[in-house]
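# the following comprises the amino acid sequence and a computationally predicted model.
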Amino acid sequence: MGIFDKLLGGKGKANKERLDVSARFRLDRHAFTGTMSKFHVAQEIGTNKLFGIKFLDDEKTAYFNSRFKGLNKPNEGEIALQIHHPHIVETYEYGMTTKGEQYILMEYINGPGLDVSIRKRDASLFPDRMKLIREMAESIQSVHDHGFIHRDVCPRNFICYKDFTWLKLIDFGLTVPNERPYKMPGNRTGTPQYMAPEIVRRRETNQKLDVFSFGVTVYRFLTFEHPWRSTDTTGQAALAHDTSKVTPILEHRPDLNQKLAKAIHKCIEPDVNNRMDSCKKFLTAIRQVKSETE
């Protein structure tokens, strides 16, 4: 039975048998390299259906998981299989290949990462940015509702459809359960320019760290600038997130809807106690906002 037949049942699974990749798929020669993995477009032989297949870097994955020794942390595939939402990439299967590689088989989206589109600094690419902002918030809220913390919300981890009318959240490589042992100080992971101060300062964390990263992502999406006046992209950049003042978003976009601007700033509050409680609360705050400039 091919993977297409399995998808008709709508259920993903752990593959207990080792996958012979070349016997089942034709891989695109070009690999996209991530922090802890390589990604290929895979065409299933027999059905010609396209999928995304992710091969995990064993050394980097083991190093990350070693931070949670003794906690029986679910792996990336196990986590991804549990989370279903229209704006989250669908995972179909995970396991080991015949070559001993960990793999995750997922939905293929033929479109660019939001980061690529932002770097073009072209607002005309996006027919309705408010729609995409709501989709981002909904996807993160779904991760939280399923009992997890994503820990790497950033433009790179949102994939857009080619017409920029729809997007999906990807990559659960740094995702952990929303349970106290996983939220203790010390797990300093994420993309520096989007890290919440509590991660940088090695404090206890919660799901609000994703709210912070989401706020920074939306700020960039609407202005093409970062909230802090820095061009640093190293780990040092995150040190400014509770020591430097945020540039008011209205300085970059004086035409922006003020309710939207206020909600974004509430998301990027450095003090977690003053931060927006959730992406659900963010969606409530912008419920009456019909367009970014209205």
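Cool, the structure landed.
# pLDDT (mean, whole number) over stretch 47-65?
The pLDDT scores in stretch 47-65 average 94.
# residue numbering should commence at 390 henceforth.
Sure thing, new numbering starts at 390, so read that last one as stretch 436-454.
# so which residues make contact with it?
Contacts of stretch 436-454 with the rest of the structure, by Cβ atoms under 8 Å, 6 or more residues apart in numbering, involve 391-393, 410, 414, 416, 423-433, 462, 464-465, 478, 481, 486, 490-499, 562-563, 578. Backbone N, C-alpha and C define where each C-beta goes, glycine included.
# drop anything exposed from those residues.
The neighbour count (16 or more other Cβ atoms under 10 Å) marks 392, 410, 414, 423, 425-426, 428-433, 462, 464-465, 478, 481, 486, 490-498, 562-563 as buried among the contacts of stretch 436-454.
# now, those that are in strands?
Counting by DSSP state E, the buried ones among the contacts of stretch 436-454 place 414, 426, 428-433, 481, 491-496 in strands.
# need the max-distance pair from these.
432 and 491 (21.1 Å; Cβ to Cβ).
# so in terms of bridging, what pairs with residue 414?
On the basis of DSSP bridges, residue 414 is bridged to residue 433.
# show me where the stretch 390-539 of the chain has its helices.
392-397, 410-413, 447-454, 465-471, 503-508, 518-534 (DSSP state H, counting those that start in this stretch).
# same list (the ones you listed) but as JSON lines, adding distance to residue 603.
Listed next are the helices of the stretch 390-539 of the chain as JSON lines, based on distance: least, Cβ to Cβ, whole Å:
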{"stretch": "helix 392-397", "distance to residue 603": "30"}
{"stretch": "helix 410-413", "distance to residue 603": "35"}
{"stretch": "helix 447-454", "distance to residue 603": "22"}
{"stretch": "helix 465-471", "distance to residue 603": "19"}
{"stretch": "helix 503-508", "distance to residue 603": "12"}
{"stretch": "helix 518-534", "distance to residue 603": "6"}
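# among the ones in strands among the buried ones among the contacts of stretch 436-454, find the lowest-pLDDT one for me.
For these, the pLDDT minimum is residue 426, 90.
# who are the contact partners of residue 587?
Residue 587 makes contacts with 593, 594, 598, 661, as judged by Cβ under 8 Å, 6+ apart.
# was I right to think the first one contacts residue 573?
What it means is residue 593. Yes. Shown here, residue 593 and residue 573 form a contact pair, counting by Cβ atoms under 8 Å, at 6.1 Å.
# so where's the stretch 540-683 of the chain shaky on pLDDT?
Across the stretch 540-683 of the chain, the ranges flagged by pLDDT under 70 are 620-624.
# what's across from residue 496 in the sheet?
residue 440.
# list the contacts of it.
For residue 496, the contact set (Cβ under 8 Å, 6+ apart) comprises 440, 441, 478, 479, 480, 481, 557.
# what about those, which one has the most neighbours?
In terms of neighbours by other Cβ atoms under 10 Å, the contacts of residue 496 top out with residue 480 at 25 neighbours.
# what pLDDT is listed against it?
Listed pLDDT for residue 480 reads 97.
# against residue 550, how distant is it?
Look at residue 480 and residue 550: by Cβ to Cβ, to the nearest Å, they are 18 Å apart.
# you'd agree residue 480 is up against residue 464?
No. Applying Cβ under 8 Å, one finds residue 480 not in contact with residue 464, separated by 11.7 Å.
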